[in-house]
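**Student:** sequence and predicted structure are below.
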Amino acid sequence: MRSWIHSVRPLGGFDHAANPLRPTSPSTLPPLIEALSDTSGKQDGPLASALALLFEPSPALYSTLVPAVASHIKDAPPILSYRALIDASLGVISSWPDDLKAQFIAGHPRIGEVKGLSALSAQEQAAKATPPEVLARLAHLNACYEHRYPGLVYITFVNGRSRAEIKDEMEDVLGLEHSLSADEPPVTSRGAAEVGGSEWKKELERAVIDVGKIAKSRLKTLGADSEAAQA
């Protein structure tokens, strides 16, 4: 197992519930032209604010994605919409090593979390009321998933589905029977995929793709799906 995996918390790289970055994330996108013109690299700058709102704030976003996207904007053809900015960001992320991708997706909260969520994450996850037994099952499934795929957290494009529907999806991914058990099967029952192996990498890349889908869905929520840059 590669050494970096021991430096990240088993449940996502940093404490989501106590994540100091999320509560201060913005609730509206800045004008696109302001985001594209921002080369400051500051955490509260327009570009960082926009990317944090679309992708969720995380150390990897602020330390690596923001400066990389700012550099890309200077050298690439003009970006004319927020959708194009998301695509450019995903292009940058695709060039990252696996450990950095894993740290980046860990900015998203776990399915079933109810505390410390950004406004958009809370809206996306809680479109329908969730019974406590489903939340308990999801907590167990998250633990099972994170044992199976060390260093990863389960990311999926919810797209209006209930947490109960996502529970079934997680069980299918893990090859488990549908259940409401809060502690079965044992977390270690599925074994652990090799970090950097084909199964692990496939799951990582799927998560990155879904993060992009989430970001583009947020444009519609924010009323910025067709916003274009204006001089």
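**Tutor:** It's in.

**Student:** mean confidence for stretch 102-112?
**Tutor:** Averaged across stretch 102-112, pLDDT comes to 91.

**Student:** and if you look at stretch 54-64?
**Tutor:** The average pLDDT for stretch 54-64 rounds to 95.

**Student:** now the element after the least confident helix or strand in the chain by mean pLDDT, going C-ward?
**Tutor:** Lowest by mean pLDDT, DSSP states H and E among the helices and strands of the chain is helix 119-125, with a mean of 66. With elements assigned by DSSP states H and E, the helix or strand that comes after helix 119-125 is helix 132-148.

**Student:** report the buried residues of that following helix.
**Tutor:** Of all the residues in helix 132-148, those buried under the rule 16 or more other Cβ atoms under 10 Å are 134-135, 137-148. Any C-beta I mention is one placed from the backbone N, CA and C, and that applies to glycine too.

**Student:** now those in CSV, with pLDDT and distance to residue 34?
**Tutor:** Listed next are the buried residues of helix 132-148 as CSV, based on pLDDT from 0 to 100; distance: Cβ to Cβ, whole Å:
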residue, pLDDT, distance to residue 34
134, 95, 41
135, 94, 39
137, 97, 43
138, 97, 38
139, 96, 40
140, 97, 44
141, 98, 40
142, 97, 37
143, 97, 41
144, 98, 43
145, 98, 38
146, 97, 38
147, 98, 43
148, 98, 42
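
**Student:** show me the helices in the chain, by range?
**Tutor:** 32-37, 46-55, 59-60, 66-75, 82-94, 98-105, 119-125, 132-148, 163-174, 198-221 (DSSP state H).

**Student:** against residue 177, how distant is residue 34?
**Tutor:** According to Cβ to Cβ, to the nearest Å, residue 34 and residue 177 sit 51 Å apart.

**Student:** right, I mislabeled it, should have said residue 72
**Tutor:** According to Cβ to Cβ, residue 72 and residue 177 sit 45 Å apart.

**Student:** those two: which is more packed in?
**Tutor:** Regarding residue 72 and residue 177, a neighbour count based on other Cβ atoms under 10 Å identifies residue 72 as having more, with 15 against 9.

**Student:** contacting residues for that one?
**Tutor:** Taking Cβ atoms under 8 Å, 6 or more residues apart in numbering as the criterion, residue 72 is in contact with 88, 91-92.

**Student:** can you pull the poorly scored residue ranges out of the protein?
**Tutor:** Low-confidence segments of the chain, defined by pLDDT under 70: 1-26, 116-118, 121-128, 226-231.

**Student:** try it again at 90.
**Tutor:** Low-confidence segments of the chain (pLDDT under 90): 1-28, 39-41, 75-76, 107-109, 111-130, 160, 190, 221, 223-231.

**Student:** so who does the residue nearest to residue 86 when sequence neighbours are not counted touch?
**Tutor:** In this structure, residue 86 finds its nearest non-sequential neighbour in residue 215, 4.8 Å apart by Cβ to Cβ, 6 or more residues apart in numbering. By Cβ under 8 Å, 6+ apart, the contact set of residue 215 is 54-55, 86, 89.

**Student:** just curious, which of those is nearest to residue 40?
**Tutor:** The closest of these to residue 40 turns out to be residue 89 (Cβ to Cβ; 17.2 Å).

**Student:** the closest one and residue 51 touch, don't they?
**Tutor:** Yes: with contact defined as Cβ atoms under 8 Å, residue 89 and residue 51 form a contacting pair (6.5 Å).

**Student:** show me the common contact partners of those two, please.
**Tutor:** Overlap of the contact sets of residue 89 and residue 51 (by Cβ under 8 Å, 6+ apart) consists of 65, 69.
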